[in-house]
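1. Pasting the sequence and the predicted coordinates here, then a few questions.
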Amino acid sequence: MRSNLSSFLAGLSERVLSFLFPEYCLSCGRYLPEGGLLCPECEESLPINRNFCPVCARPYPEGVPPHPCGDCLSGRPFSRVLAPFLYVPPVSDWIKRLKFAEDFTLARGLSRLLRKHLPRELSFDLVVPVPLGRKRLFKRGFNQSALLARLAFGRLDEILVRTRETPPQSELPASERGRNVRRAFSVKDETRVFARRVLLVDDVMTTGATVEECARVLRAAGAREVTVAVLARA
Ligand SMILES: [Zn+2]
Ligand SMILES: [Zn+2]
């Protein structure tokens, strides 16, 4: 039921939403009479991902010249990853909050933050969220990636499905995450994917095993290109 309410709210106009949800700074809680996400001070101090691998957005220390990282040299199923923020507080706290409790105001704030920090000229045909397994979806009641995707890009193409339940990636060491998600996804309707440009959306990218497997399956189904958009990169 709760996820139905979110889908309903996600379809409303900005004006109606601003009236229903008066806006407070996402970070310090200060009331924002003009609306928006963050007060100017908090906006200034966001952990922006400034120096990174141009393919997978892996963060580099300051001063390292941008270059494709070792994992990207051997080729990736996605053309690039857009990850405007580092997975550190307060962004990591917001993402955790969103995962464990449905909070429409937070989801809306994060999706606007994501959209605002992505390139303007972004072009795609389909917006595909990383799916949750049926059991986890049932337990949680909503898919935070689908909520983000719908709110940030105004459309949702849930054509990727989990074909088997896997333990959460966050509970496994990095070395086991690739194997954990192998053959865990499939495309529902290949005719919809063929020759299309896909924007694959998730909340956070850590080792990249999940988005890599999703992108691989989408390309195998005929997608022309897969671009990944996540809020934060670890
Ligand atoms: Zn603030
Ligand atoms: Zn890379």
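-> Sure thing, it's come through. What you are looking at is a predicted structure, and each value in this text was computed from that prediction instead of being measured. Ligands and ions are numbered 1, 2, ... in the order given.
2. any idea what the residue nearest in space to the middle of the chain is structurally, helix, strand or coil?
-> Residue closest to the average C-alpha location in the chain (CA atoms, centre = their mean): residue 202, at 2.5 Å. When classified by DSSP: H, G, I helix; E, B strand; the rest coil, residue 202 comes out as strand.
3. Pretty sure residue 128 sits in a helix.
-> No - secondary structure of residue 128 (three-state DSSP): strand, not part of a helix.
4. Stretch 182-195 spans what distance, first to last residue?
-> Counting by CA to CA, to the nearest Å, you get 23 Å between the two ends of stretch 182-195.
5. which parts of that stretch are buried?
-> 184-187, 192-193 (16 or more other CB atoms under 10 Å). From N, CA and C alone the C-beta is placed, and that goes for glycine too.
6. Among the residues you listed, name the ones in helices.
-> Among those, DSSP state H puts 192-193 in helices.
7. Lowest-confidence one in the buried residues of stretch 182-195?
-> Least confident entry in those, by pLDDT: residue 184, with 89.
8. For it, give its distance to residue 33.
-> 46 Å (CB to CB, to the nearest Å).
9. Touching, the residue nearest to the centre of the chain and residue 145? I think so.
-> Yes - between residue 202 and residue 145 there is a contact under CB atoms under 8 Å: 4.9 Å.
10. who touches the helix or strand containing residue 8?
-> Residue 8 belongs to helix 2-10 when assigned by DSSP states H and E. Residues from elsewhere that reach helix 2-10 (CB atoms under 8 Å, 6 or more residues apart in numbering): 17, 20, 102, 104, 107, 141-143, 147, 150-151.
11. now with 10 Å?
-> Residues outside helix 2-10 that contact it (CB atoms under 10 Å, 6 or more residues apart in numbering) are 16-17, 20-21, 101-105, 107-108, 111, 137, 140-143, 146-147, 149-151, 154, 156.
12. ok so, going back, check contacts around the residue nearest to the centre of the chain.
-> 81, 83, 128-130, 144-145, 148-149, 208, 210-211, 214, 228-232.
13. Could you do residue 95 as well?
-> By CB under 10 Å, 6+ apart, residue 95 lies in contact with 85, 87, 106, 110, 144, 148, 203-204, 230-232.
14. How about residue 96?
-> Residues near residue 96 by CB under 10 Å, 6+ apart: 89, 170, 203-204.
15. can you name the two of those that are farthest apart?
-> 89 and 170 (16.4 Å; CB to CB).
16. Would you mind listing where this protein has pLDDT under the threshold?
-> Low-confidence segments of the chain, defined by pLDDT under 70: 1-3, 14, 17-18, 22.
17. Quick check: residues of it near ligand 2?
-> 53, 55-56, 58, 69, 72 (CB under 5 Å from the ion).
18. which of those residues count as buried?
-> 53, 55-56, 58, 72.
19. Closest to ligand 1 out of these?
-> Using CB to the ion, residue 58 comes nearest to ligand 1 of these, at 28.9 Å.
20. which SS class is the most far-flung residue of the chain relative to its centre?
-> Relative to the C-alpha centroid of the chain, counting by CA atoms, centre = their mean, residue 33 is the outermost residue, at 28.5 Å. In terms of secondary structure, residue 33 is coil; the call rests on three-state DSSP.
21. Quick one: residues contacting the nearest residue to residue 58 once chain neighbours are set aside.
-> Nearest residue to residue 58, sequence neighbours excluded (CB to CB, 6 or more residues apart in numbering): residue 69, at 5.1 Å. Residue 69 is in contact with 52-58, 60, counting by CB under 10 Å, 6+ apart.
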